[in-house]
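Q: return a 3D structure for these sequence lines:
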Amino acid sequence: MRNPRIGVVSLGCPKNQTDTEVMLGLLNQAGYEVTFDNEEAELCLVNTCSFIGDARQESVRTLVELADQGKQLIVAGCMAQHFKEELLAEIPEARAVVGTGDIEKIVSVIDSIVKDSSLRVVEVSDVPNDYTDEVLPRMMTGVGASAYLKIAEGCDHRCTFCIIPMLRGDFRSRTIESLVKEARVLVNTGVREIILVSQDSTYYGLDIYKRQALPELLEKLHEIEELDWIRVMYCYPTETSEEFLKTMARLPKVVKYVDIPLQHSHNEVLQAMARPINPGKVVERIRKLVPGVKIRSTFIVGFPGETDEQVEHLAEFIAEHKFDRLGVFTYSKQTEVSSGSMPDQIPERAKKSRRKKIMSIQHEIAYKLNQQMVGQVIDVLIESYDDKKNHYVGRSQWDAPNIDNSVYVTDPEGNRCVLGDFSRVKITEAKPYDLYGEALEDLVPAKDLPAKSLASV
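A: This is a model prediction of the structure:
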């Protein structure tokens, strides 16, 4: 291959998306042509996910489909870290595998296979603990005015159901100076919302500063003039401190939204998961210290040994605390972690039945909470336009992209909604997971956004 066009598929979580954007930024800087139309590509970079069984299946399916189309593959990310030998053995089209701690080597990897058509490259560190503090180039893959900012890599917790420490290594924070510098670069390209992500954002700073430094980071980001929203994803129950919550409540740009995966309500299940117990206390603390907050949480049903009584405890817990946003997952067996060998594994049918039970409770809660929004006027970040339905689509401050509510907005005057900007919207209708409203007064856009795709940072 000479000067191949490089396609891209990014799977999995927002942390994976930022890794993809860095790899594309490095390739673009090195002079490679990147395309988001994989039919045009000779070589496809696939950043894979290996967190749970369904994610692995999606990664494998994507790789096989591209291989069947005659594409040569660069397999990066968690699956490359997890199954490097198997990928090379099973997929002849895989020219290289690049681990989670080796993404900065992407240019040298592709340089090598371009020069030698017979070469297969493996860049997978046994322990992925390298993490740069440098602000690397990024090529944005999302559409709109939001961008993820990965504040740390890896995890120091050892939940018995989770293989992230094996795939990503121990927790490593970036410095505040580096993060603020990258945030300013993003904002200068038109980004209005910065979303902080890591495996545990409330743990930020404990490794390099010997203290929880998330409040200090939020203070520094808040000083960026043209930044409107700062969102924190993935809080940990025992580290969601009073200082962090009071900082969230005090700073206007920090959206009043707490994403805190609690995983279960029953202490015996939580102890088996190696998770913090008594989760109701942190929920009460959040609502006490952050007026107007909306809480997202996730729970796992079907963990080994979970009884019908413990599922009922979870159902009562959710009915009592009325989470604004909620995800429920069935336990995914991982043989690499201790829960995979625990006795009393739950049959798949029972797991799905338990999930359905919990989600039916949440469906009613979500509908009632959304009904309370009818008649209110809120700020909505406009992200797209639906030509068929003739309305704009956006989000409120209480909704993270791709996982929470959307707000569907009509603009009768035709000049009140601008892509990538905020509109004042009166909510006129509510459904369990979406809101509908009408744009109110005209708003002057603060700046034009960069191109929807291939926008280099």
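Q: quick check: which ranges of this structure have low pLDDT?
A: 1, 143, 442-457 (pLDDT under 70).
Q: if we use 50, what do you get?
A: Scanning the chain for pLDDT under 50 picks out the ranges 443-457.
Q: so which bits of stretch 29-49 are buried?
A: 32, 34-35, 38, 41-49 (16 or more other Cβ atoms under 10 Å). C-beta here means a position set from N, CA and C on the backbone, and glycine is covered the same way.
Q: helices of the stretch 251-400 of the chain, start to end?
A: Ranges of helices within the stretch 251-400 of the chain are 267-273, 279-289, 308-321, 348-371, based on DSSP state H, counting those that start in this stretch.
Q: which one of the buried residues of stretch 29-49 is nearest to Gln310?
A: Cys49 (28.7 Å; Cβ to Cβ).
Q: picking that back up, okay, the helices of the stretch 251-400 of the chain, which one's buried deepest?
A: Highest mean neighbour count among these (mean count of other Cβ atoms under 10 Å): helix 267-273, with a mean of 18.
Q: who touches that helix?
A: The set of residues external to helix 267-273 that reach it, using Cβ atoms under 8 Å, 6 or more residues apart in numbering, is 159-161, 263-264, 276-279, 300, 303-306, 310, 339, 342.
Q: same thing with stretch 339-352?
A: Stretch 339-352 is touched from outside by 160-161, 272-273, 301-306, 330-331, 333-335, with contacts defined as Cβ under 8 Å, 6+ apart.
Q: can you tell me the element Phe89 falls in?
A: For residue 89 the amino acid is Ala, not Phe. helix 84-90 (DSSP states H and E).
Q: what residues sit buried inside that helix?
A: By neighbour count on 16+ other Cβ under 10 Å, the buried set for helix 84-90 is Lys84, Leu87, Leu88.
Q: and the spatially closest residue to Val377 that is not a sequence neighbour, how many residues sit next to it?
A: Using Cβ to Cβ, 6 or more residues apart in numbering and skipping residues adjacent in sequence, the residue nearest Val377 is Lys426, 5.0 Å away. A total of 14 residues lie near Lys426 under the criterion other Cβ atoms under 10 Å.
Q: so which bits of stretch 186-201 are buried?
A: Those would be 186-187, 189-201, for stretch 186-201 by 16+ other Cβ under 10 Å.
Q: who are the contact partners of Leu289?
A: Leu289 is in contact with Glu242, Leu245, Lys246, Ala249, counting by Cβ under 8 Å, 6+ apart.
Q: try it again at 10 Å.
A: Contact analysis of Leu289 by Cβ atoms under 10 Å, 6 or more residues apart in numbering lists Thr240, Ser241, Glu242, Glu243, Phe244, Leu245, Lys246, Thr247, Met248, Ala249.
Q: next one: Asp200
A: Applying Cβ under 10 Å, 6+ apart, we find Asp200 in contact with 152, 154-157, 164, 171, 206, 234-236, 239, 261.
Q: for those, which one is nearest Ser384?
A: Closest approach to Ser384 among those (Cβ to Cβ): Tyr234, at 25.2 Å.
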